[in-house]
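Asks: Below are the sequence and a predicted model for it; my questions follow.
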Amino acid sequence: MCLSNNVDGNNALYTEGKVYKFENGYITCNNGIVLSAKGTPVMSFEEWNEFSHSDFKEIKVKYCDEYKVGDRVLVKSEKQVEEEKLYEGMVPFGPPMKKYCDKVITLDEKDYWDNTFLTNNWWWRNDFFVGKVLE
């Protein structure tokens, strides 16, 4: 997986701060098109970064169940949230909350509910996260 830090020249393809999967030499951009370097798969993440006009940072995600204040986590994609119906029983899952999908957030204060964090003015439960981001 890689985090887009700078989308210089590629504003339509990538969103700054969003996480993209780099798999088998290809990456899927915002419009769903699968891109590769010059039409062929690249062999490494470094080679992809050299090819792209954007600046990406490689991240690793550790899948887990327990989180604490200060952890950096990857929020599930909008599709995952909707498929798993994670929003049921919560405020409507609208654009203000959806903008954090596929992004890395840092967990802020822990609420009195178990495993719930107030971050970016939204309450996040553990099941919204893919896992911890390893630095």
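Replies: Structure received. Numbering: from 1, shown residues only.
Asks: drop to CA atoms for contacts and neighbour counts, all remaining ones
Replies: OK.
Asks: now the farthest one out in this protein, which residue is it?
Replies: Ranking residues of the chain by C-alpha distance from their mean position (C-alpha atoms, centre = their mean) puts Tyr112 at the top, at 26.2 Å.
Asks: you'd agree Gln80 is in a helix?
Replies: Yes: under DSSP: H, G, I helix; E, B strand; the rest coil, Gln80 sits within a helix.
Asks: Distance of it relative to Leu35?
Replies: Computed with C-alpha to C-alpha, to the nearest Å, the distance linking Gln80 and Leu35 is 22 Å.
Asks: Could you do Phe56 as well?
Replies: In terms of C-alpha to C-alpha, Phe56 sits 14 Å off from Leu35.
Asks: Comparing those two, which shows the higher neighbour count?
Replies: Remark: of Phe56 and Leu35, Phe56 carries more neighbours, 23 against 17, as counted by other C-alpha atoms under 10 Å.
Asks: How about that one: which residues does it bridge to?
Replies: For Phe56, the beta-bridge partners are Ser4 (DSSP bridges).
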